[in-house]
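In: Structural data only, the sequence is not supplied:
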């Protein structure tokens, strides 16, 4: 018999273990080669584990298990033939045999439990000492309260929730659903939590704010969106303007494009921009490499490709590794203002927010303009107030006046039209 031992592949150089998030097949299923059989969580991404060969699978790890890279997680019997007439495991119809076999057990299971909950047992209506004290304080009799504890015992919570009946009324207790659900955090979510706490504890994080006028960007998008999409195959969005404004500002203020390594400061002569994208497993930050050299169309195409990979669970660890500065857009969810948290080991992050039509003063006149608040959080250990404020003003200049600042005075040429 030819049996293949499937081992956990390495998702990246720095990753030594992963967690089995979900098995997409059951023990004993027939699987096809390259069929996704599991989702595994690392501290940076959720990845699919494809079957290396076709055959009957035997699972060697449970959901939630943390396994080392290189560890055997399942066996595939390559000599086993697919059941005649059966579809591959991923397309197989739901099996009815197993539920039917367990139906008698399900029907009989409640029977032995019935006496436990029967109201005629010894402890029925008897309050716990803590519950009795609360009922005495309320002036209520235990007979007025329905106990939810073992054997009908009245718990402290029952007593706290019991309402004193009005004159001529009846006692009132909680009648709505009061269930709770406990689930284990994924490796990715736990790692995010650790990183966020470490940022707050290990950096001198401050935030500076400003506002930008989106009028010119609105005009450019309205005027050129169809021509831009027809020529480049992608839409002209806000992120390309902000990315271009940020890369310009980073080159003007190099200390913002730097990080701390022990007692040393590391400056980067390139701008790798991390773009925060909300995915099904949480917030992820894929990276635009050398964004300073990208055109508007290049930025939009790369962001679209990375965002699609995140949402489809196809993003790789390499595509999220590195980054010298992060842009996050809370405005897509309606946020008006926030203080974004730095993405370590980076030293700064720009937060975009929602766009609101607001009255502003322009040349002594009150006019209505589409305005956005922007926030820059930075590590004060490496970036001084002068640099942080200057950087954000430079970003504002690029957004307020994109044609002159970002496109060299020629909007058509700047958009590649």
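Out: Arrived safely, thanks for sending. These figures come from a predicted structure and were not determined experimentally.
In: Can you pull the poorly scored residue ranges out of the stretch 151-300 of the chain?
Out: 151, 163-175, 187-188, 281 (pLDDT under 70).
In: Can you report how many residues lie near residue 394?
Out: Close neighbours of residue 394, defined as other Cβ atoms under 10 Å, add up to 19. (Each C-beta comes from the backbone N, C-alpha and C, glycine too.)
In: again, but for residue 322
Out: For residue 322, the neighbour count with other Cβ under 10 Å is 14.
In: was I right about it contacting residue 273?
Out: No - under the criterion of Cβ atoms under 8 Å, residue 322 makes no contact with residue 273, lying 10.3 Å away.
In: what touches both of those two?
Out: When contacts are counted by Cβ atoms under 8 Å, 6 or more residues apart in numbering, residue 322 and residue 273 are jointly contacted by residue 287.
In: Which residue is the nearest non-sequential neighbour of residue 2?
Out: Once flanking residues are discounted, residue 2 sits nearest to residue 78: 4.5 Å by Cβ to Cβ, 6 or more residues apart in numbering.
In: An error on my part: the question was meant for residue 195.
Out: residue 344 is the one closest to residue 195 (Cβ to Cβ, 6+ apart), at 6.2 Å.
In: contacting residues around the one you found?
Out: Applying Cβ under 8 Å, 6+ apart, the residues near residue 344 are 195, 198, 199, 203.
In: Count the residues that sit near the last one.
Out: When counting by other Cβ under 10 Å, one arrives at 20 neighbours for residue 203.
In: What separation do you get for it and residue 183?
Out: 30 Å (Cβ to Cβ, to the nearest Å).
In: Any idea how far stretch 289-307 is from the middle of the chain?
Out: Distance of stretch 289-307 from its chain centroid, counting by Cα atoms, centre = their mean, to the nearest Å, is 22 Å.
In: sorry, that was for stretch 359-374
Out: 34 Å.
In: got the buried residues for that stretch?
Out: 369, 370, 371, 372, 373, 374 (16 or more other Cβ atoms under 10 Å).
In: what do you get for stretch 291-308?
Out: For stretch 291-308, the buried set under the neighbour-count rule, 16+ other Cβ under 10 Å, comprises 291-292, 294, 296-303, 306-307.
In: Distance to residue 403 and secondary structure added to those residues, as TSV?
Out: Below are the buried residues of stretch 291-308 laid out as TSV (distance: Cβ to Cβ, whole Å; DSSP: H, G, I helix; E, B strand; the rest coil):
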residue	distance to residue 403	secondary structure
291	20	helix
292	19	helix
294	18	coil
296	12	helix
297	17	helix
298	19	helix
299	17	helix
300	18	helix
301	22	helix
302	23	helix
303	22	helix
306	27	helix
307	27	helix
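In: on that earlier part again, so the residue nearest to residue 195, which of the three states?
Out: Assigned with DSSP: H, G, I helix; E, B strand; the rest coil, residue 344 falls in the coil class.
In: Tell me which residues touch residue 300, please.
Out: Contacts for residue 300 (Cβ under 8 Å, 6+ apart) come out as 232, 234, 235, 236, 237, 239, 240.
In: Now, of these, which are buried?
Out: 232, 234, 236, 237, 239, 240.
In: Out of these, which comes closest to residue 34?
Out: Taking Cβ to Cβ as the measure, residue 34 lies nearest residue 234 of these, at 29.8 Å.
In: what helix or strand is the closest one on?
Out: Here residue 234, judged by DSSP states H and E, is contained in no helix and no strand.
In: Distance of it relative to residue 306?
Out: 12 Å.
In: other SSEs contacting the longest strand seen in the chain?
Out: Longest among the strand segments of the chain by residue count, using DSSP state E, is strand 365-379. With contacts taken as 3 or more Cβ pairs under 8 Å, 6 or more residues apart in numbering; DSSP states H and E, strand 365-379 sits against strand 205-213, helix 215-232, strand 348-352, strand 355-362, helix 385-400.
In: okay, the angle between that strand and helix 215-232?
Out: 70 degrees (axes from the mean of the first three to the mean of the last three Cα atoms, to 10 degrees).
In: got the angle between strand 365-379 and helix 385-400?
Out: Calculated by the same axes, to 10 degrees, strand 365-379 forms an angle of 130 degrees with helix 385-400.
In: So what angle separates the directions of strand 365-379 and strand 205-213?
Out: Going by the same axes, to 10 degrees, strand 365-379 makes 150 degrees with strand 205-213.
In: Strand 365-379 pairs with which strands, parallel or anti?
Out: strand 205-213 (antiparallel), strand 348-352 (antiparallel), strand 355-362 (antiparallel) (DSSP bridges).
In: Would you confirm that residue 239 contacts residue 275?
Out: Yes - the criterion here is Cβ under 8 Å, and residue 239 meets it with residue 275 at 6.9 Å.
In: quick one on the thing from earlier: just put the buried residues of stretch 291-308 in a markdown table and tack on distance to residue 220.
Out: Output for those, formatted as a markdown table (distance: Cβ to Cβ, whole Å):
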| residue | distance to residue 220 |
| --- | --- |
| 291 | 19 |
| 292 | 21 |
| 294 | 17 |
| 296 | 10 |
| 297 | 13 |
| 298 | 17 |
| 299 | 14 |
| 300 | 13 |
| 301 | 18 |
| 302 | 20 |
| 303 | 17 |
| 306 | 23 |
| 307 | 22 |
